[in-house]
Every structure is written in C-alpha cells, then in structure tokens.
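1. pasting the sequence and the predicted model now:
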Amino acid sequence: MTPQVTTMTVDELADGADAVGALNAQGETVRPVVVIDLDDADPSTVARAADVASRADRILVGRASGAPDTALEPLTAALDLTYGDASGGREIITVDDVEEAITAFVAAAEATPQAASVAAQVVRASESMSIPAALDVESLGYSTLQGGAEFGRWLEGRRALRRPLPPPPAGDPVLVDRRADDLHITLNRPERRNAYGVALRDAFVDALRMPLLDNTIDRVVVDGAGPCFCAGGDLDEFGHTPDATTAHFVRTRGGAGRLVARLADRIEVRLHGQCVGAGIEIPAFAHRIVAAPDTMIRLPEVSMGLLPGAGGTVSVPRRIGRWRALHLFVTGSPISADAAREWGLVDELR
C-alpha cells in the first residue's frame, strides 16, 4: 500500500504547524514523517522554520525540485534530510525521482516508526558529542528498541525459523600476523560470511588491543577472508544476551568500535563483497578505508526494529553527514563502492 505523505510549506512549519504531538492516546507513534516543501519558500521565514525543525518530534524530510536556494541552508541543515539535487551539500540526497524517493522513505519509516524515530533522535543528539559519549547514546537507544514491539515481532519471526545457535569456530575466528611494524588482522569466519558474532567480536577486540599496548606497531591492516568482508551481526545470536543492561556494556565497553576509533590514524580497512551493519559501522571509524569494486554496503537494522548498534550512528554520520546516514539507516538501501567513494564513506577504490 502506498503511504499517504503529509506535506507542509516552510511558512507552515515556521508558524508551528508541526507542534502537534507525534503520539496518539495509546502512546503509539503516528505520522512519523512530515515532508517540507522547499520550493518557493519565503526566505524571511527560514530562520523561524529552522528553529522549529531543530525541536521537531517527527522526522522532517525536505522536498526540492532542484538544488535548494542557498538562503535555505539553515533550514536544510536543521531538517533530518532533503531529497533533491545535492550540488555538493551533504544535507541533500540526490535522486532521479524525488517523489519516488520520498514515498520509499515514508513507507520504510511507517513500517517501523519507533526505530526510525529513535534513529533520527540519536543522530541528532550525538552529532556534536565525543565518540565515547555518542556511542553510549547509540547503545542506550538500541537497548530501548530491544524492548519494543517492532524488534519483538522481528525476533519472533526469526525464532519461528528454529535456527540453532552458530557452531563454535572451526579455527581461529581472527588471524593476526605481525611483521616488523605492521599488524595484519583478518576476520576469519568465511563459513559465516565473517558475521560479527560473539567469537569473532571477542577475538577482533583482543587483536585490536595489541597496537593500543604496543606503540611500535605503526600500521594496522584489517581485511576479511572469503567472499565478503563482514555480513554484519550474526542474526542467529540475536536475543541471547542475558539482559539489556549487560548487552549495553558489551556493545560499548566490549565492542570494537571504540578501539578502532582510538587507532583511527593507524588503521586501514580493506572492504570487499557484502559489508552489512557492523561490516561498515566499525570500519567507518578508521581514517582510511579501501574498497574493492564489488563492495556493497547496507545498514538494515531499522527494518528489524533496531538502529545500528556497532557504532554506525556515530561513525557513518561523521563521514557522510547525519542526513545521508539517516537515509541509509531508514531505507536500508544498498550503496555501491563508487557511490560510497563519492560520499566519502570509503576513501579509495582498488
């Protein structure tokens, strides 16, 4: 079913037309997205509209038939994203068909409105925070969604498949090779497409601690064995953490994102094949990412009733801006190596 798109003008936004609450009497999220028509906007109302947008409960998506006038920059910066002609601005997502893109975004947000809304709230809030603080905010948002009905439905459907927990690794889940001042780390569970499960995560964290403790390691190269770099979190392990509080501390204090961020200027990550969820969230902290031509990146967590939980709400916006990041989070759209290079999500193609 095609979603009904709610639209208002910049003047209406400036006059507080979006002040009505985003929840119904039952506490359910309604009309999670409002589209703001940026064409023919009155420049005198832009500042007021931007102020309202910065405090909005809903996800505000700009619509522009071309490149928005430069006078609208304070507003497009305050909106959650805008579809139109980017012309170099990170706030704008350039698409072939603006109406089609907006319809797809609204449909995705309405499918999991709580997850989409929390994702927008998290990237707004953490934009100016330090990386450790922003990772805490991400994890707290993730924990909130873990207790929600949207993730509950996804998990129930997954459990209906009656898939067993993954078997223990047949070999070392991560290979480590030290040569002089270089350290080479290889994710080594190709039979699981290097899914970021418990065994691989813990071994990866242990490997990353080596250069933190040894300043003679000048360079760290991270890659993945098999057909892809990393297919994201191991879905067969979802829902098995003892409780949400423990899961929060494991994600933040026991995850790889903080360590890669601390080692960012010494790390090069080499991507290939599918890079899903954690498979791009963690690499995006590094200052150098090299991608093979077959690299395909996707962040599907919002469609599962969650948000990126391996650092993606922190690392990805810092590379491409929170506007393009939210587009990827909510729609789950794949992005090719070429497009990722153009946006700055990767640094070089090989």
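-> Good, I have the coordinates.

2. spell out the secondary structure type for R318.
-> Classification of R318 by DSSP: H, G, I helix; E, B strand; the rest coil places it in helix.

3. and it, how far from G16?
-> Distance of R318 to G16, given as CB to CB, to the nearest Å: 32 Å. (Glycine included, C-beta is placed from N, CA and C.)

4. if you count surrounding residues, which of these two has more?
-> Ranked by neighbour count (other CB atoms under 10 Å), R318 and G16 place R318 first, with 18 against 11.

5. what does the lowest-mean-pLDDT helix or strand in the chain rub up against?
-> Lowest mean confidence among the helices and strands of the chain (mean pLDDT, DSSP states H and E): helix 244-253, at a mean of 87. With contacts defined as CB atoms under 8 Å, 6 or more residues apart in numbering, helix 244-253 is touched by 135-136, 139-140, 142-143, 146-147, 241, 258, 309-310.

6. go again using 7 Å as the cut-off
-> 135-136, 139-140, 142-143, 146-147, 241, 309 (CB atoms under 7 Å, 6 or more residues apart in numbering).

7. residues in contact with P43?
-> Neighbouring residues of P43 by CB under 7 Å, 6+ apart: A71.

8. now with 10 Å?
-> P43 makes contacts with 10, 69-72, 75, as judged by CB atoms under 10 Å, 6 or more residues apart in numbering.

9. again with D202
-> Going by CB under 10 Å, 6+ apart, the list of residues near D202 reads 173-174, 250, 254-256.

10. for the residue nearest to A41 when sequence neighbours are not counted, give me its contacts.
-> Once flanking residues are discounted, A41 sits nearest to V10: 3.9 Å by CB to CB, 6 or more residues apart in numbering. V10 makes contacts with 36-43, 45-46, 48-50, 52-53, 62, 72, 75, as judged by CB under 10 Å, 6+ apart.

11. among the residues you listed, which are located in strands?
-> Among those, DSSP state E puts 36-37, 62 in strands.

12. taking the contacts of D202, tell me the two that lie furthest apart.
-> Comparing every pair within these by CB to CB identifies V174 and V250 as the most remote, at 17.4 Å.

13. the two: which is more packed in?
-> Taking neighbours as other CB under 10 Å, V174 and V250 compare with V174 leading, 25 against 16.

14. hey, what's that one bridged with?
-> Counting by DSSP bridges, V174 is bridged to L187.

15. could you check how far it is from H184?
-> Noted for V174: a distance of 11 Å to H184, by CB to CB.

16. same deal with P227?
-> As judged by CB to CB, P227 and H184 stand 19 Å apart.

17. thinking again about what came up before, got the contacts of D202 as TSV, with distance to I289 columns?
-> Shown next, in TSV, are those (distance: CB to CB, whole Å):
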residue	distance to I289
P173	22
V174	19
V250	25
G254	23
G255	18
A256	15
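
18. before I go, just wanted to say thanks for your time.
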